[in-house]
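**Q** Any chance you could fold what I've pasted below:
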Amino acid sequence: MTIAQEVREYLKNRPYILEALEKGIVNLSELSRQIQKELKIKNIIAIKAALRRFAEELQKHKHKREEKVLKILKASTITLHDGNSVVVTTKPLETEDKIKVNLGGKFVYLTDKNNLGKINGVLQKHEDCVMIVIHSPAELEATPGVVAFLTSLLAEQNINIVEFISCWTDTIIVVEKKDSLKTYAILSSVIR
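**A** Next up, the predicted model:
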């Protein structure tokens, strides 16, 4: 295996470093020294050269990928649905649920908070949630990075996603009510 291949393999499972390389905010000399120590490679010049080439590739691909993601999001619509709850149970419920996901022994329900009643076998319950639905063109399904873009956008603003479902052309994000307006404003800024 060449030094360049070793460096790429090292970086493959470190998304935080990859993102910093994409943004061009890494001290390549310092990162080269760290990789040199961890991989016990003597030739630091080869490590730094591999990092520089890899960073250039990442930056070029990131720009293209981001353009595709933004194009899809600009063609999407967004709706907000208030008064939802998320319930995770060990047994199926008799409820008029909006969304039910069977996880083989666990059931996740996204339902109106007024439909809950008494529930047995509850593992987790989030009341007073808001469901934000992003409806996108069919190209969404074949475009890598949309989910990562959306979740990173919200994480950077310290918004916790209670539940996240991505199915075909719909992306459903459930947040606590206290974060709903901020979430909607952030997502609306990139959608239409």
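**Q** Check the offset of the helix or strand of the chain with the lowest mean pLDDT from the chain's centre.
**A** Here the helix or strand of the chain ranked lowest by mean pLDDT, DSSP states H and E is strand 97-102, holding a mean of 77. Remark: strand 97-102 is offset 21 Å from the chain centroid, using Cα atoms, centre = their mean, to the nearest Å.
**Q** same check, this time on stretch 123-132
**A** Worked out by Cα atoms, centre = their mean, stretch 123-132 lies 19 Å from the chain centre.
**Q** Specify the residue ranges that define each domain of this protein.
**A** 3-63, 75-190 (automatic domain parsing).
**Q** can I get the ones you listed in JSON lines with mean neighbour count and distance to Val69?
**A** In short, each C-beta sits where N, CA and C put it, glycine included. Below are the domains of the chain laid out as JSON lines (neighbours: other Cβ atoms under 10 Å; distance: least, Cβ to Cβ, whole Å):
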{"stretch": "domain 3-63", "mean neighbour count": "15", "distance to Val69": "10"}
{"stretch": "domain 75-190", "mean neighbour count": "15", "distance to Val69": "5"}
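**Q** where among those domains is the average confidence lowest?
**A** Set side by side, the domains of the chain give their lowest mean pLDDT on domain 75-190, at a mean of 88.
**Q** can you give me the offset of that domain from its chain's centre?
**A** Distance of domain 75-190 from the chain centroid (Cα atoms, centre = their mean) equals 13 Å.
**Q** How about the residue located most distally from the centre of the chain: what's its closest non-neighbour residue?
**A** In the chain, the greatest distance from the average C-alpha position (Cα atoms, centre = their mean) is reached by Lys42, at 37.1 Å. Leaving aside its sequence neighbours, Lys42 sits nearest to Gln36 (Cβ to Cβ, 6 or more residues apart in numbering; 7.7 Å).
**Q** Might one say that that neighbour is in contact with Lys48?
**A** No - using Cβ atoms under 8 Å, Gln36 makes no contact with Lys48, being 9.3 Å away.
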